[in-house]
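>>> Give me the fold of what follows.
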Amino acid sequence: MTEEQKRPIIEKMLAATQQEMKTEPNMSESPIRHLASVCPTTKYCCPVYCAGCSYTPPLTNGARPLEQNDLNALVSVNAATPPTSSTCSKCFTGFTMSKQKTCSCVGDVDITFTKCSACTSNKFFDAENKKCAPCAGYVPKDKFSCKTCKAGEFYKVATSTCVACVGDVNATYTGCNACSGNFYFDASQKKCVKCVGIVSADRLSCKPPCDPGFYLVDGPRPLNGNMDQNNQVCVECIGDVDALYKTCSPCINNRAFDATNKKCYPCIGIVSNATKTCTPCAANKNFDVENYVCLDCPGTVVEKVTCEPCGIGSTAVNTYFVSTECKECKGTSGTEPKSIYPTKCAKCLGNTGIDFYNGAKKACDECIGDISGGIDRTVCTACTGTKWFNGKACVNCIGDVSTDKKDCSSCTGTKYFDGTKCTECKGDVSIDRKVCDACKNNTYFNNSACVKCYGYVDNAGAC
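Numbering: from 1, shown residues only. Here you go, the predicted structure:
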């Protein structure tokens, strides 16, 4: 292939390379695709992070080896399968060359992938993610690990143990700085805290300048006209005292004053303007947290601030409001004029007086039987045996009772009531239909009554 024939191919490949250089490097791809520049020739590329390399391809058809160019020998971002058989002779700044002639970075690689920066103070090299990571603890010189301790402890390098610090742990987490000046050690926060008052000799406590509920104000100006801290006096505060004991903030936004703990607290009720005391809402009132007033609640007060009216929510099943609470209406609940919630309860009587309160249904129901349970009429006992329901109660039936117990059919014709039902009588039936008399005195049953036999009656009752 002549130089003239090679030229358009090379120009095309160089144009593609220039386009690749405009592409933002993808940090998540494999290292061989990281570096954003061009290869030294159109035929080979250097290994990743390598600043100089050499490559001698095999001779093909007597062609001479390619000229080597170690400048800007970088892997193309979008190279599909760049050759990797070249030998690295020099790594970029900060990278380390291995015995296998490969470059690696124990630190952070910059955006051009040509510079490796070691992990800075309080950072260690995260080998899994191949980058520096912050460490809230001690980082050894090799930067390959992070030794952390509990809050308020420092790492003692000599013994490789965590030790409690009565003071402030230093910036490298390897020592403890004792509290000094106007600071004392707060065991709950495990650090030195500024004391507004007097620090104890052991620096483990701070005596406030005033008792709880008091704050500092300037006293009378001395004769020399100069004011200093010694001229301040403690004055009682009906409100909240700030951490420096310099300000007293009155209780606002419906907050009351707790005389025991000497501070303001949210009041679920009405706050007195004069005494700043809190009066809770009455039992049948809920507190309006937006307008700071107690409201009448025609239902159940939940957690002092919510009103669940009777007839809705958990009280939706046949309840009505009585005095201060919702109660089950053993009847039919209803509303008074100008009320949207049930406030009255009608007993189960109905037009016929047969209704009873069915507790399972929470409603009045028809009772085919006897009603009991007092004025609430809560028990319905169904008619049994030979009794039937006559519209008001269960009564005895001298005859046959229907399946629904609503009808009683009297015995007729030649039938009589045998105590449980109507039965055929082969004889004379009494007027009340309760007795069946067999035929006697030379009479026989002719399928309707006993009649005289003008002959004799045999043992089978025939004439």
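>>> where are the low-confidence patches of the stretch 201-350 of the chain?
Along the stretch 201-350 of the chain, segments meeting pLDDT under 70 span 221-230, 311-317, 334-341, 350.
>>> switch the cut-off to 50
227-228, 314-315 (pLDDT under 50).
>>> averaged over its residues, what pLDDT does stretch 417-424 have?
Throughout stretch 417-424, pLDDT has a mean value of 91.
>>> right, I mislabeled it, should have said stretch 373-381
Stretch 373-381 shows a mean pLDDT of 88.
>>> Contacts for that stretch, please.
330-331, 347-349, 355-359, 365, 367-372, 394 (CB atoms under 8 Å, 6 or more residues apart in numbering). Just so you know, the C-beta spots here come from the backbone N, C-alpha and C atoms, and that holds for glycine as well.
>>> Would you mark the buried spots in that stretch?
Residues of stretch 373-381 classed as buried by neighbour count (16 or more other CB atoms under 10 Å): 376-377, 380.
>>> Now those residues in a markdown table, please, with extra columns for secondary structure and distance to T93.
Output for those, formatted as a markdown table (DSSP: H, G, I helix; E, B strand; the rest coil; distance: CB to CB, whole Å):
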| residue | secondary structure | distance to T93 |
| --- | --- | --- |
| D376 | helix | 95 |
| R377 | coil | 98 |
| C380 | strand | 98 |
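>>> Including distance to P298, could those residues go into JSON lines?
Written out in JSON lines, the entries for these read as follows (distance: CB to CB, whole Å):
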{"residue": "D376", "distance to P298": "22"}
{"residue": "R377", "distance to P298": "26"}
{"residue": "C380", "distance to P298": "32"}
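>>> Could you single out the nearest of these to T112?
D376 (89.5 Å; CB to CB).
>>> I'd like to know how far the closest one sits from C105.
As judged by CB to CB, to the nearest Å, D376 and C105 stand 87 Å apart.
>>> got the contact list for the residue lying closest to P208 once chain neighbours are set aside?
Excluding its sequence neighbours, the residue lying closest to P208 (CB to CB, 6 or more residues apart in numbering) is G197, at 4.5 Å. The contact partners of G197, by CB under 8 Å, 6+ apart, come to 206-209, 245.
>>> List buried members of these by neighbour count.
Of those, these count as buried by 16+ other CB under 10 Å: 206, 209, 245.
>>> Quick check: bridge partners of the first one?
With beta bridges defined as DSSP bridges, C206 has these partners: V199.
>>> residues touching it, list them.
184, 193, 195-200.
>>> from these, which is closest to C439?
Closest to C439, out of all of the contacts of C206 and judged by CB to CB, is V193, at 119.6 Å.
>>> Which element, helix or strand, includes the closest one?
Element membership of V193 [criterion: DSSP states H and E] is strand 191-194.
>>> what does that strand rub up against?
Contacts for strand 191-194 (CB under 8 Å, 6+ apart): 152, 167-169, 177, 179-180, 182-186, 206.
>>> Could you do stretch 269-288 as well?
238, 251, 254-257, 265, 267-268, 292-297, 301-302, 304-307, 323-325.
>>> From those residues, which land in helices?
Per DSSP state H, helices hold no members of the contacts of stretch 269-288.
>>> Which of the residues you listed are buried? Put it as a ChimeraX command.
Burial among these is assessed by 16+ other CB under 10 Å; the matching ChimeraX selection reads:
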select :251,254,255,256,257,267,268,294,297,301,307
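>>> thought G137 was touching K150?
No: with contact defined as CB atoms under 8 Å, G137 does not count as touching K150 (10.3 Å).
>>> Can you pick out the residue with more neighbours from the two?
Neighbours were counted for G137 and for K150 using other CB atoms under 10 Å; G137 has more, 20 against 8.
>>> show me the residues around the residue nearest to that one when sequence neighbours are not counted that make contact.
Leaving aside its chain neighbours, G137 sits nearest to T148 (3.6 Å; criterion: CB to CB, 6+ apart). Counting by CB under 8 Å, 6+ apart, T148 touches 135-138, 155, 173.
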